[in-house]
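A.B. asks: when you get a sec, could you give me coordinates for this:
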Amino acid sequence: MRMNWISSILKPKAAVVLVVLGLCRLGMGQQVSLALLQPATMNNMAMEAGAIEPAPMVKPAETATAPEGPGDHRFWDRENSVLFAASAAFSAADFVVTRDNLRSGGQELNPVTRMFSGSTAGLAMNFAGETAGVVGISYFLHKTGHHKMERAVSMLNIGASASAVTFDLAHR
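C.D. replies: Alright, predicted model coming up:
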């Protein structure tokens, strides 16, 4: 029985290794011209002797700047600043309402926040980390060119915090 368990794990891994090795073979099939590997002095001597210089295999790319489109903007523009401020405000409100509910005998429904709900400092650290995480994820999405998603992260956090505050206030 033990051999069946081990062989069921090793068979898929062996297949993946074989596929990866097969794909690596395609990359190794590319060849480089020996003329490109010779030092510049050898090419100059060949030109003086009347030999034809080999054409380079790859032409150098010219850098071009992309025109600014409607999605290009600075990270700390007005809209992001307002979204981050709203996100921080709703996280602070969520912290206050959650702390009051926990002090009056309620319980935290969010399993991640529940780990930090043992102390006020832990709960504050959770909500501050949540706000910092929103800014960090937004910055990453901004740098990778996902400008709509960059703003959607803040909006999603605002909606989640607003719904948590509303729920906590309704169930006092």
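A.B. asks: count the neighbours of Ser87 for me.
C.D. replies: Per other C-beta atoms under 10 Å, the neighbour tally for Ser87 reads 23. For every residue, glycine as well, the C-beta is placed using N, CA and C.
A.B. asks: SS state for it?
C.D. replies: Following DSSP: H, G, I helix; E, B strand; the rest coil, the label given to Ser87 is helix.
A.B. asks: what ranges does the protein have for its helices?
C.D. replies: Using DSSP state H, the helices of the chain run over 2-28, 34-37, 40-48, 78-103, 111-114, 120-143, 147-170.
A.B. asks: can you name every helix or strand that the fifth one contacts?
C.D. replies: Just to be clear, that refers to helix 111-114. Helix 111-114 sits against helix 120-143, with contacts defined as 3 or more C-beta pairs under 8 Å, 6 or more residues apart in numbering; DSSP states H and E.
A.B. asks: what's the angle between the helix it packs on and helix 147-170?
C.D. replies: Taking axes from the mean of the first three to the mean of the last three C-alpha atoms, to 10 degrees, one finds helix 120-143 and helix 147-170 inclined to each other by 160 degrees.
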